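In: Need the 3D shape of this:
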Amino acid sequence: MNREYLERIQNQAELWDNFTRKEEYNPEFRDQHDRFSYYLSKTRDIFKPDVSQFLMDSGYKPEYPDGKKFAVCLTHDIDIVFRSIPERRYLVAKNLCRLDKNGLSVSIKGALNKRYPLCNFEEIMDLEEKYNAKSSFYFLALQPGDLDYSYDVMDLKDDLRIIRSRGCEVGLHGGHEAYNSYDRISDEKKRLENVLGTTIVGYRNHYLRFRTPDTWEHIANAGFLYDTTLGYADCIGFRNGMCHPFMPYNLNSGSIIDILEIPLVVMDGTIFSDYMRLSSDVALDCVKRLIDRVEECRGVFTLLWHNSMFLDGTTEKKMYIKILEYCYEKNAWITSGEEIEHNFRYMRNR
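Out: Alright, predicted model coming up:
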């Protein structure tokens, strides 16, 4: 999306306020994680990408490789890799009490091997390759003593390089406090790059913590090419009416921020136990409707599925497969954030 289309949005006051998230500048309330939540927003039609639809009606026509009509950005936040000993014991006991043979088998294997089953990156890539798909894996790069520290990324050096060797992306999952600190973002970026041995370009913050427009500025200044944090934790949908990647606009400075935002549409935890608590059938129907909306706008459907949601036989893994099948049948370009960013940068520079 170039400056011409940005100016067209500026001429539509309601759309402009939604696109820039004007109401998120110095809001009166935030949730317990310092986030602006959907229930606080005045924009209620969260399932309608009204700004993207306006752009399409104005002549905006994004293009994708091989003539694909729309894209799917597959992403995984890696919050946990190693289960603690008490947690492994708890899972064995829980499944024993429930007489869940499949769950008991999984939890016993997990008790014997601390890397099983959450160090499952190759399994995820194997699954996605069946649908000609690539994805992004965002890793925490915290140090002992940091809030939410659960693994040392140095211990995953071989895993990270395998991910890269298979054509998928390794990005940074900014720590609990990184969203509000350039120094923290920059330090964590360097730590992850030292392990990986190459530059990283993609970012998403832990817990979807985000401040408009400050977090964008911090990410851009730290040298990232794109972010994909902008989505509500408490509701799926289109937070700023966009299903296209875009360059954010800072209302305070009156200027475009040098970062591409690939807006998040669906997070697994949102549709299951944490917030919306939908049944699997209702959840899948809602996700399919959002995919259909994105397809109509020739946009990008961004999906966040944590690696902890891939246990065999679970509802979460089964749903992920159904979502992949649905997108594959629609002939979507299913790929990583890194590839999405490269494609939109190419279109801007033509």
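
In: And stretch 310-317, end to end?
Out: Start and end residues of stretch 310-317 are separated by 5 Å (C-alpha to C-alpha, to the nearest Å).

In: Give me the neighbour count for Asp234.
Out: Using other C-beta atoms under 10 Å, Asp234 is surrounded by 16 other residues. (Glycine included, C-beta is placed from N, CA and C.)

In: what about it, distance to Tyr275?
Out: Separation of Asp234 from Tyr275 (C-beta to C-beta, to the nearest Å): 4 Å.

In: Repeat that for Arg44.
Out: 16 Å.

In: Those two: who's more crowded?
Out: More crowded of Arg44 and Tyr275, by other C-beta under 10 Å: Tyr275, with 18 against 9.

In: Check the secondary structure at the more buried one for me.
Out: Put simply, Tyr275 is coil when judged by DSSP: H, G, I helix; E, B strand; the rest coil.

In: For it, give me the backbone phi and psi.
Out: Tyr275 has phi and psi values of phi -130, psi -70 when expressed as degrees, to the nearest 10.

In: list the contacts for it?
Out: Applying C-beta atoms under 8 Å, 6 or more residues apart in numbering to Tyr275 gives the contacts Ala233, Asp234, Cys235, Gly269.

In: So what's the predicted local confidence for it?
Out: Tyr275 carries a pLDDT score of 92 in this model.

In: So it versus Leu303, what's the distance?
Out: 16 Å.

In: Ok, Tyr226 next?
Out: Relative to Leu303, and taking C-beta to C-beta, Tyr226 is found at 16 Å.

In: ok, now Asp66?
Out: 20 Å.

In: Compare the two (neighbour count), which wins?
Out: Set Asp66 next to Leu303 and count neighbours by other C-beta under 10 Å: Leu303 wins out with 24 against 6.

In: what about the more buried one, which SS state?
Out: Per three-state DSSP, the secondary structure class of Leu303 is strand.

In: surely it meets Val266?
Out: Yes. If you go by C-beta atoms under 8 Å, Leu303 and Val266 touch, sitting 5.3 Å apart.

In: ok, Met319 - contacts?
Out: Ser280, Ala283, Leu284, Val287.

In: Please repeat the previous calculation with a cut-off of 10 Å.
Out: Asp268, Ile271, Phe272, Ser280, Asp281, Ala283, Leu284, Val287, Trp305, Met309 (C-beta atoms under 10 Å, 6 or more residues apart in numbering).
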